[in-house]
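**Student:** generate a structure from the sequence data that follows.
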Amino acid sequence: MNGRAWHLTESYPPVQTLSAREFRIPLRRLILHAVLLLSTLVTTFLAGAFFALGSVEWEDLSTALTHPAVVSSGLAYSFTLLTILLAHELGHYLACRYYGIRASLPYFIPAPPIIGIGTFGAFIRIQEPIRSRRALFDVGIAGPLAGFVVALPAAVVGLWFADPAPPVPFSEGVITFNDPAL
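**Tutor:** So this is what the prediction gives:
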């Protein structure tokens, strides 16, 4: 923090406006953001395709990618997940811009599609201290609220189009739960 002691104040600061030059992003940094976004798009697409296949065999995937249902499932999964992540991070980013706090664009983190959901998430880098409690709260809450606004309709659409799983046959000594209420 450059040798300065920063602390949070109780007062509500006036909104600072920063010039466009202060928010200029170098071309190399934009390329890094684009490469990370595209690689995360690929890994989440493959993870969605694995979920649609029900297996994680690479041999199955190469032939399954010619099947339209697998491709559409992978694209729907990837688009939905990355839209929620992008909304969350842009919520933080736009709140930082509102308060005049320098912050980076979102960095998406790809993950191997075999071991999970295809991404480790995303983050923004806040490049200077947040000087008031109000700004800290607003920047902190903006991401989850923006993500929730996108995730709620996505969940409704997902539940609307979901196919119920076939019932598991009853067997002695196994705990069986009824269908959920929703």
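
**Student:** can you pull out the helices in the chain?
**Tutor:** Secondary structure of the chain, counting by DSSP state H: helices at 27-53, 58-64, 68-98, 133-161.

**Student:** point out where this structure drops to low pLDDT.
**Tutor:** 1-23, 55-61, 168, 176, 178-182 (pLDDT under 70).

**Student:** before we move on, the earlier item: which stretch among the helices of the chain comes nearest residue 111?
**Tutor:** Nearest to residue 111, of all these, is helix 27-53, at 6.0 Å by C-beta to C-beta. Glycine gets a C-beta too; all of them are placed from N, C-alpha and C.

**Student:** which helices and strands does the closest one pack with?
**Tutor:** helix 58-64, helix 68-98, strand 107-110, strand 119-123 (3 or more C-beta pairs under 8 Å, 6 or more residues apart in numbering; DSSP states H and E).

**Student:** of all these, which one is nearest residue 134?
**Tutor:** Taking the helices and strands packed on helix 27-53 one by one with C-beta to C-beta, helix 68-98 is closest: 10.8 Å.

**Student:** what residues of the closest one count as buried?
**Tutor:** 70-71, 73-74, 76-78, 80-82, 84-93, 95-97 (16 or more other C-beta atoms under 10 Å).

**Student:** tell me what it is packed against?
**Tutor:** Helix 68-98 packs on helix 27-53, strand 119-123, helix 133-161, going by 3+ C-beta pairs under 8 Å, 6+ apart.

**Student:** now the ones you listed in CSV, with mean neighbour count?
**Tutor:** Output for the helices and strands packed on helix 68-98, formatted as CSV (neighbours: other C-beta atoms under 10 Å):
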stretch, mean neighbour count
helix 27-53, 17
strand 119-123, 17
helix 133-161, 15
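
**Student:** columns distance to residue 177 on top of the ones you listed, output as TSV?
**Tutor:** Listed next are the helices and strands packed on helix 68-98 as TSV, based on distance: least, C-beta to C-beta, whole Å:
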stretch	distance to residue 177
helix 27-53	22
strand 119-123	30
helix 133-161	18
